[in-house]
Every structure is written in C-alpha cells, then in structure tokens.
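Q: One predicted model, sequence on top.
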Amino acid sequence: GAVVSQHPSWVICKSGTSVKIECRSLDFQATTMFWYRQFPKQSLMLMATSNEGSKATYEQGVEKDKFLINHASLTLSTLTVTSAHPEDSSFYICSARSLGGETQYFGPGTRLLVL
Amino acid sequence: GENVEQHPSTLSVQEGDSAVIKCTYSDSASNYFPWYKQELGKGPQLIIDIRSNVGEKKDQRIAVTLNKTAKHFSLHITETQPEDSAVYFCAASRSSGGYNKLIFGAGTRLAVHP
C-alpha cells in the first residue's frame, strides 16, 4: 500500500516552454501533497505544500507564478514549470500524505532537463 | 529556523558490519522522525520511523533510537549487505497545529563493500 506515482519519469524540453508533472496517490486519498526539488548530491528542498481544494503554500524563495501547483482531487496534484530555463533543470519529487497521517510517501521523481 | 543535522556525510563499511547514522534536531516540539533510503535516480523510500513517545524501534536489521532530552536520533543497520548501499536521509516534523512539514538532514551516502 501507499504507492505514489509520477509522470513523466523524465522530460527534456527547450528553454521557454512549460512542463507539467503529475503526482498520483494510487491506493490512498492524499489530502496533502508536497513538491520537492533535489539537486545532485544534495538533500530534498521543499518547494510547496498543497492541500486538496486549496491554494498551495510556497516556501520562501519559490516563485509561485513560475511553479504552478494544482491539487484538484484527493489523488492527483500537478506541478507546472512555466517558461522553463536551464537553471530549472533538476529532479522533482512529490510526496503524499493522508488525512491525519504523519507519513509522507514519495513518488519516484521526475528528472527535468531544460536545453 | 528549524534544522536537522546529519552525520556522517559518507560512510563506508564492509559487508556484515554495522552502520550508524546520527541526527540532531533543533525544534524541541518535533515529535515524528522518519528515515528514508534513496537509491540512485529514485525517490526516497520510508524504511522506519519513530514517534516521540517511543525511545527505540526495531524492524529486522534496522533500528532507530531517540533521545528527546538531547534531541538526537540515530539509525542502526546491522549485518549490512551490498544492497543497503544508498543515500539515507533523516527527517523531523511536529504533527500538531497543521504545521507538519518534514525537515530533512543533508543525507548520508552509505557504501557497503563485499
């Protein structure tokens, strides 16, 4: 149980285009989902927290107009990187947590490369 | 702000030896401490967690200890195997008042040599 999937697993795009990443909880209802970014050999950096049906809460320094998060259902959250640039290239990982739960279950990650 | 320090950053052991990773947290209100294992190119996987009302928890070759007074918690892996090689992250959070995001340590790269 507690499986989280992400799609796509990797994406290459041209600078200036937008990229959408999906995060799904497959066998539980995720009232809260988290989006992280991880650079090589570094720890996970929380970008934003989203509760189903509410606006996402962004961490300091994360541009909400650049990283659009939608959590429209209890099993799906999306992260859209708008007007991507090479510096946005990174490993993006989502996690999901059920109502009243403490444990965050992570997805397999999406590797983004912006050329 | 809240901080979690993790040591060592790298750890190399021989197969069959034990490995210990230590973390210290700053927020005394933290009450939930998970450990994640991340293999190359994959997302973190929860391997064990402990809550503040427990001092120790064990699951086969993995154990975690918590010292609330000192704000320390540790991961112990016994009889290490090559497949234990990965990056391990500790984290801390407080699950009250809606403030329950995980604060991660910097990670420990464990290498188990056959």
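A: Sure, I can see it.
Q: and residue B:65, how many neighbours does it have?
A: One way to gauge burial is a neighbour count; for residue B:65, by other CB atoms under 10 Å in any protein chain shown, it gives 17. Any C-beta I mention is one placed from the backbone N, CA and C, and that applies to glycine too.
Q: need the residues of chain B near chain A, please.
A: By the criterion of CB under 8 Å from any CB of the partner chain, the positions of chain B lying close to chain A are B:32, B:34, B:36, B:41-46, B:49, B:51, B:89, B:93, B:95, B:100-102, B:104-107.
Q: List buried residues within the residues you listed.
A: Those of the residues of chain B next to chain A that meet the buried threshold are B:32, B:34, B:36, B:42-44, B:46, B:49, B:89, B:93, B:95, B:100-102, B:104-107, by 16 or more other CB atoms under 10 Å in any protein chain shown.
Q: List the ones among those residues that fall in strands.
A: Under the assignment DSSP state E, these contribute B:32, B:34, B:36, B:46, B:49, B:89, B:104 to strands.
Q: So the first one sits against residue B:52, correct?
A: Meaning residue B:32. Yes: taking contacts as CB atoms under 8 Å, residue B:32 lies within contact range of residue B:52: 7.3 Å.
Q: Might you list the low-confidence residue ranges for chain A?
A: For chain A, residues meeting the criterion pLDDT under 70 lie at A:1.
Q: of all the residues in it, which ones are close to chain B?
A: Residues of chain A lying close to chain B (CB under 8 Å from any CB) are A:4, A:6, A:34, A:42-44, A:46, A:49, A:93, A:102-109, A:111.
Q: Whichever of those residues end up buried, select them in ChimeraX.
A: Here the buried members of these are turned into a ChimeraX selection, burial being counted by 16+ other CB under 10 Å:
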select /A:4,6,34,43,44,46,49,93,102,104,105,106,107,108,109,111
